[in-house]
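[1] coordinates only, no sequence provided:
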């Protein structure tokens, strides 16, 4: 059942990506981008990475969508049609995709009991956390202590994105007021 859900979510992601590439209405693109973020968050939940899913939903679907909608309010609603199509961007994206896929070929299977994270890192955290940190929840102990800088970085990104939204929306109100006064 979990495999079927994962395949369904990936098919929905691919469908949304194709729709984003084809649609010229920027509002629809922003909404589809939010859907992609929510689908990615669902995939992270299926993979038992709820903390990553929460960050993806908050930053990807929430803050990014608000920023893009604010940008659309300041610019045009439709994408300008390019004068001609070039194969160079397609070649660059295809080459990058192939390199990324090649880089994953030697990775262990998802959930493999013999993967390095299961044989070295995980047991080490399980053994050391109660003694060194004295926190009963391993995830909290790892995120707050061993990965403290990483967690601080994530919080900084969320804070910066929120600050950007506040500044963007504050500037948007002033621009609209100036436009009304000039008309």
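    Ah, there it is. Note that the structure is a prediction, hence the values are computed from the model and not measured.

[2] for the one helix or strand residue 36 maps to, could you pull out the residues that count as buried?
    Taking DSSP states H and E as the definition, one finds residue 36 inside helix 26-46. Residues 26, 29-45 are the ones in helix 26-46 that count as buried (16 or more other Cβ atoms under 10 Å). For the C-beta atoms, the positions are set from N, CA and C on the backbone; glycine is no exception.

[3] buried stuff in the helix or strand just after it?
    Per DSSP H and E, the first helix or strand lying C-terminal to helix 26-46 is helix 50-55. Neighbour-count burial for helix 50-55, with 16+ other Cβ under 10 Å as criterion, is recorded at 52, 53, 55.

[4] quick one: residues contacting the first one.
    So the one you mean is residue 52. Contact analysis of residue 52 by Cβ atoms under 8 Å, 6 or more residues apart in numbering lists residue 44.

[5] what pLDDT does it get?
    Note for residue 52: predicted pLDDT of 82.

[6] measure it to residue 33 for me?
    Plainly put, residue 52 is 18 Å away from residue 33 if you go by Cβ to Cβ, to the nearest Å.

[7] next: the last one.
    As judged by Cβ to Cβ, residue 55 and residue 33 stand 16 Å apart.

[8] for the top helix by length along the chain, which positions count as buried?
    Secondary structure of the chain read by DSSP state H shows that its longest helix is helix 148-182. Judged by neighbour count using 16+ other Cβ under 10 Å, the buried positions of helix 148-182 are 154, 161, 162, 165, 168.
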